[in-house]
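Participant: following is a predicted model, sequence given first.
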There are 2 protein chains.
Amino acid sequence: MSNYNCCNIPRVKHWYDERVTNVFDDPRITAVGLLFEAHAGLSARFNAQLEEHGLSAVEFEVITRLARSPGNQLRMTDLAAQTSLSTSGVTRVVDRMERDGLLTRRACPNDRRSSYAVVTAAGMQRLNETLPGHLQMIEQWFTGQLDPDALAALLDGLRRVRDAAHPCATAGSDDVSPEQVAATDNATRRH
Amino acid sequence: MSNYNCCNIPRVKHWYDERVTNVFDDPRITAVGLLFEAHAGLSARFNAQLEEHGLSAVEFEVITRLARSPGNQLRMTDLAAQTSLSTSGVTRVVDRMERDGLLTRRACPNDRRSSYAVVTAAGMQRLNETLPGHLQMIEQWFTGQLDPDALAALLDGLRRVRDAAHPCATAGSDDVSPEQVAATDNATRRH
DNA sequence: CAGTTATAGTTGCTCAAGCAGTCGTTGGGC
DNA sequence: GCCCAACGACTGCTTGAGCAACTATAACTG
């Protein structure tokens, strides 16, 4: 019963050793396990550092996405598309961050349905306080763990997986300049 | 204001182009962006497939961890350690899955504080129905996206990052055989 | 221009997860 | 053997996020 060696699993490509005795030793399972655990580990590290500055991961992502956008602002919908939040989720995060003085809402002049979330001066300051440590964390736990070649290979592989799997969430404010689009590599682009 | 070119960020190693005009173009940000988006993309794909079989991601992880363990069972605490759930979280997931007939609780004979979560026959069947498609998804959106060399490089990099960053959650039932431990690569091991 | 449809944002409801506190059990120190 | 600290599981409470319903505005169609 414990020897779970079941079911005819279709194997399209055979890049791995065939002699598998247990489904859970399947290298594909191992592969996702690695990716997910790396993600979980980094998330935990980052969250700890962000928490020191009174930010949750989503709040940090929100304020970062806003701060990198022209005018430090984004329409609520675009913010939702860039983050992996629903629009109602964005409403609530912005509620909290507005209450904490990090953001403000600003009416959109052209479209009275829309409103912008804008980073306040206090928000920018908070981000300034948080970012250096965050970058250090990235270097300490991620990029610094590998020599340049290995890192490049890793990032290349990730990019391909991302491009393939990342659900189409092409977002962004309407008036981004072309070079800004080109720069926004890790944003939710590339269909 | 939009040109967020701030703060003296310490750069330990310079594996990337120095000429950065905007903090958010920082290759370290891009790197985590890639990893996180790849994870998010894969998660979304997997969740969709799992949902077809009436399983959430955590439920799938729980039942998988149990099914790969000797006797298809694990003590609640060990299950919590292997998944990224708190013990109360595990209590509730097992509650739900027990209600759905996928798991049962079994009293631990040696220690009356502990109880095992055990996969039922229905649970094993559900897993059998779910796994092939899941493996196909992995191949389609992850491992199949790269040629063997690139995949190996990706996994190698991920392994190092995982080993560095993954928070120490050494778990597992007490009586795992050594070869089983060796096989459990993607489990939460390695100090 | 009127009527319909689509879009932007918010709100009520539900649910999943963590924290802290509780209860029963175990094991170590004396 | 008794006491107390540690442990395992569970429960109440809070929080955060999504879905669906709703309102207001915009755009489209004839």
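Facilitator: Received it, and whenever you're ready, just let me know what you need.
Participant: tell me the residues of chain A that contact DNA strand C?
Facilitator: A:75-77, A:80, A:87-88, A:90-92, A:94-95, A:105, A:108, A:111, A:113-116 (Cβ under 7 Å from any atom of the strand). Just so you know, the C-beta spots here come from the backbone N, C-alpha and C atoms, and that holds for glycine as well.
Participant: quick check on the residues you listed: which are buried?
Facilitator: Restricting the residues of chain A next to DNA strand C to buried positions leaves A:75, A:76, A:80, A:90, A:94, A:115, A:116, with burial counted as 16 or more other Cβ atoms under 10 Å in any protein chain shown.
Participant: quick one: buried residues of the top helix by length along chain A?
Facilitator: When chain A is parsed with DSSP state H, its longest helix is helix A:27-52. Buried residues in helix A:27-52, counting neighbours by 16+ other Cβ under 10 Å, are found at A:27-43, A:45-46, A:49-50.
Participant: also stretch A:129-149?
Facilitator: By neighbour count on 16+ other Cβ under 10 Å, the buried set for stretch A:129-149 is A:130-131, A:133-139, A:141-146.
Participant: over to stretch A:76-85?
Facilitator: By 16+ other Cβ under 10 Å, the buried positions in stretch A:76-85 come out as A:76, A:78, A:79, A:80, A:81, A:82, A:83, A:84, A:85.
Participant: keep only those of these that are in helices.
Facilitator: Here DSSP H is the test, and those give A:76, A:78, A:79, A:80, A:81, A:82 as lying in helices.
Participant: of those residues, closest to residue A:120?
Facilitator: The closest of these to residue A:120 turns out to be residue A:79 (Cβ to Cβ; 15.3 Å).
Participant: I figured that closest one hits residue A:67, correct?
Facilitator: No - look at residue A:79 against residue A:67 with Cβ atoms under 8 Å: they stay out of range, at 11.8 Å.
Participant: next, the contact list for whichever residue of chain A sits closest to DNA strand D, please.
Facilitator: Residue nearest to DNA strand D within chain A: residue A:89 (2.4 Å; Cβ to the nearest atom of the strand). Residue A:89 makes contacts with A:58, A:80, as judged by Cβ atoms under 8 Å, 6 or more residues apart in numbering or on different chains.
Participant: that one should be in a strand, yeah?
Facilitator: No - Residue A:89 is assigned helix when assessed by DSSP: H, G, I helix; E, B strand; the rest coil, not a strand.
Participant: where's it relative to residue A:23, distance?
Facilitator: Distance from residue A:89 to residue A:23, counting by Cβ to Cβ, to the nearest Å: 36 Å.
Participant: cool, residue A:158 as well?
Facilitator: From residue A:158 across to residue A:23, the span is 26 Å (Cβ to Cβ).
Participant: skip the chain neighbours and tell me the closest residue to residue A:165.
Facilitator: In space, residue A:165 comes closest to residue B:41 once its chain neighbours are excluded; the distance is 3.4 Å by Cβ to Cβ, 6 or more residues apart in numbering or on different chains.
Participant: that neighbour and residue A:158 touch, don't they?
Facilitator: No - using Cβ under 8 Å, residue B:41 is not in contact with residue A:158; the gap is 10.3 Å.
Participant: now the ones in helices among the buried residues of stretch A:76-85 as JSON lines including distance to residue B:154?
Facilitator: Below are these laid out as JSON lines (distance: Cβ to Cβ, whole Å):
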{"residue": "A:76", "distance to residue B:154": "36"}
{"residue": "A:78", "distance to residue B:154": "31"}
{"residue": "A:79", "distance to residue B:154": "31"}
{"residue": "A:80", "distance to residue B:154": "30"}
{"residue": "A:81", "distance to residue B:154": "27"}
{"residue": "A:82", "distance to residue B:154": "25"}
